[in-house]
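[1] need coordinates for the following:
(chains A and B)
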2 protein chains.
Amino acid sequence: MTSTSIVTAAVIVIGNEILSGRTKDINLNYLASGLTAIGIRLMEGRFIPDIEDTIVATVNELRARHDYVFTTGGIGPTHDDITAASVAKAFGLKLIKHDRAAKLLLDHYGAENLTEARLRMAHTPEGATLIDNPVSVAPGFRIGNVFVLAGVPRICQAMFDGLKGTLQGGDPVLSRTVSGYVGEGTIAGDLGKLQERYPTLEIGSYPFFRSGKFGASFVIRGTEKDRIDAAAAELHAIIRNLGAEPIEGEPAAT
Amino acid sequence: MTSTSIVTAAVIVIGNEILSGRTKDINLNYLASGLTAIGIRLMEGRFIPDIEDTIVATVNELRARHDYVFTTGGIGPTHDDITAASVAKAFGLKLIKHDRAAKLLLDHYGAENLTEARLRMAHTPEGATLIDNPVSVAPGFRIGNVFVLAGVPRICQAMFDGLKGTLQGGDPVLSRTVSGYVGEGTIAGDLGKLQERYPTLEIGSYPFFRSGKFGASFVIRGTEKDRIDAAAAELHAIIRNLGAEPIEGEPAAT
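    Okay, here's the model as predicted:
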């Protein structure tokens, strides 16, 4: 039971409006948390503009490197929605009208309102499977290990929630947080040595300022619960030794 | 006056806590807006973990491709703060104790509290210039076209605000937003043709749902004010022609 299975992912956030600052992305954090919870490690996030060559190159680089790739944005009906065509090009596949997607849109909009533009949302790379959109019908799709999701957060989140049961996670990454009102610069030496004693764990230090006092939360992550608990016990002792009280989790807001 | 000067930038957000979902990044949006305002185009954002090889490769790829690169995160006193050393390695430079940075920290903490860990925050690649930290003293630094900023948002923002007067922007990107309660799928055909008639502009479509109605905001961006105004006038006519009222800017919240 010492071998670990590591499953990795990347997220590509597509959209000029994010890079201009007009729109604040919140999808990356949602996907990051959701993937972590099912034992998939998000290894990188890419924020790129609506430029075909950039989308093609980024998709191809990341799908070769990770088990799963998720894109958000650019699958609506307007001229600036070029994600589906770009992903098809990345895979060297034809962009086709997906019959079931077209049927979904027809049922939703009715023939009189199913404009040519709306029908664009039925186009996928040949061989793609649809990703359900319970919010506004127009589906996302999966091709190979690439999942193409909407950019509108409510739709992106609903699509991800619907598909995540189909993803194969690795060993779940367990996490335990211990906090204390100690300066990072005071505890850093001991903390670095603790990290050296537990090389299979990842110990992060995140400073905070609360109730007029500096402190830090220390997050211990890994796949072995017994090692995490042992490191946490040592960390409690380190914090006490510096004259502070260890707090399990984040400090309470005051 | 038809030649345009384009200045580009990339942002690298460094930190395991972002990719695990523990922490929500808000620095990318702040830098995106700030850069846009001074005529610098943010072309890509990268979210990467605290892994030296990844930081080195990402910094080297992006500094070759863009006029400016900004990193956030990983410059504190603990063992997981490896950004300064990684950037030095990317440039093939020695990591040295920067005398002025050490003096700043000494004045702030006093000799008795200037631990070895805190002194780590005085280390920069050889030849770097410091970036002022008005919040908590420990500075960022600039080396070549790479600006290394803190990850804590208040500090990151203060560092950026302090240095942005030194950045050389290109032609400012002007932007005008026109909205209307029209479905994206209804206006998409006309909008695509408008985009074709104005190839030097970038017309984005961003749907919204407000007061129980669907609509969209159309953002026209470019460097030529007269062209933007001409396209906006045509867009007003397109929206009216579809039976809706054009709204300058975003629709009022209700």
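
[2] isn't A:Ala150 up against A:Gly140?
    Yes - counting by CB atoms under 8 Å, A:Gly140 is a contact partner of A:Ala150 at 6.1 Å. From N, CA and C alone the C-beta is placed, and that goes for glycine too.

[3] find the residues that touch each one of those two.
    Contact criterion CB atoms under 8 Å, 6 or more residues apart in numbering or on different chains; residues bridging A:Ala150 and A:Gly140 by contacting each: A:Ile75, A:Asn133, A:Met159.

[4] show me the strands in the stretch 151-254 of chain A, by range?
    All strands of the stretch 151-254 of chain A, identified by DSSP state E, counting those that start in this stretch, fall at A:174-180, A:202-210, A:213-222, A:247-248.

[5] could these go into JSON lines alongside distance to chain B?
    Formatted as JSON lines, the strands of the stretch 151-254 of chain A follow (distance: least, CB to the nearest CB, whole Å):
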{"stretch": "strand A:174-180", "distance to chain B": "8"}
{"stretch": "strand A:202-210", "distance to chain B": "4"}
{"stretch": "strand A:213-222", "distance to chain B": "7"}
{"stretch": "strand A:247-248", "distance to chain B": "16"}
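
[6] tell me which of these approaches B:Thr129 most closely.
    strand A:202-210 (25.0 Å; CB to CB).

[7] for A:Asp25, phi and psi?
    Phi and psi for A:Asp25, reported as degrees, to the nearest 10, are phi -70, psi 130.

[8] tally of neighbours for it?
    Neighbour count of A:Asp25, defined by other CB atoms under 10 Å in any protein chain shown: 27.

[9] what does A:Arg100 give?
    When counting by other CB under 10 Å, one arrives at 12 neighbours for A:Arg100.

[10] A:Gly169 now?
    19.

[11] chain B contacts on the stretch 51-200 of chain A?
    By CB under 8 Å from any CB of the partner chain, the residues of the stretch 51-200 of chain A that approach chain B are A:54, A:76-80, A:109, A:113, A:115-118, A:120-121, A:152, A:173, A:175, A:184-189, A:191-192, A:195.

[12] doesn't A:Arg46 belong to a helix?
    No - the assignment for A:Arg46, made by DSSP: H, G, I helix; E, B strand; the rest coil, is strand rather than a helix.

[13] isn't it up against A:Ala10?
    Yes - under the contact definition of CB under 8 Å, A:Arg46 touches A:Ala10, with a separation of 6.9 Å.

[14] which residues do the two both contact?
    In contact with both A:Arg46 and A:Ala10: A:Leu62, using CB under 8 Å, 6+ apart.

[15] quick one, domains of chain A?
    Chain A breaks down by automatic domain parsing into domains covering A:7-166, A:174-248.

[16] now mean pLDDT too, for those, in JSON lines please.
    Shown next, in JSON lines, are the domains of chain A (pLDDT from 0 to 100):
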{"stretch": "domain A:7-166", "mean pLDDT": "97"}
{"stretch": "domain A:174-248", "mean pLDDT": "95"}
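
[17] what's the most buried one of those?
    Most buried of the domains of chain A, by mean neighbour count (mean count of other CB atoms under 10 Å in any protein chain shown): domain A:7-166, with a mean of 20.

[18] what's the top helix by length along chain A in contact with?
    Ranked by residue count and defined by DSSP state H, the top helix of chain A is helix A:225-241. For helix A:225-241, the external contacting residues (CB under 8 Å, 6+ apart) are A:174-176, A:178, A:180, A:182, A:187, A:190-191, A:194, A:197-198, A:200-201, A:203, A:218, A:220-222, A:245-246.

[19] now tabulate the domains of chain A in CSV and tack on distance to B:Arg210.
    Shown next, in CSV, are the domains of chain A (distance: least, CB to CB, whole Å):
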stretch, distance to B:Arg210
domain A:7-166, 13
domain A:174-248, 36
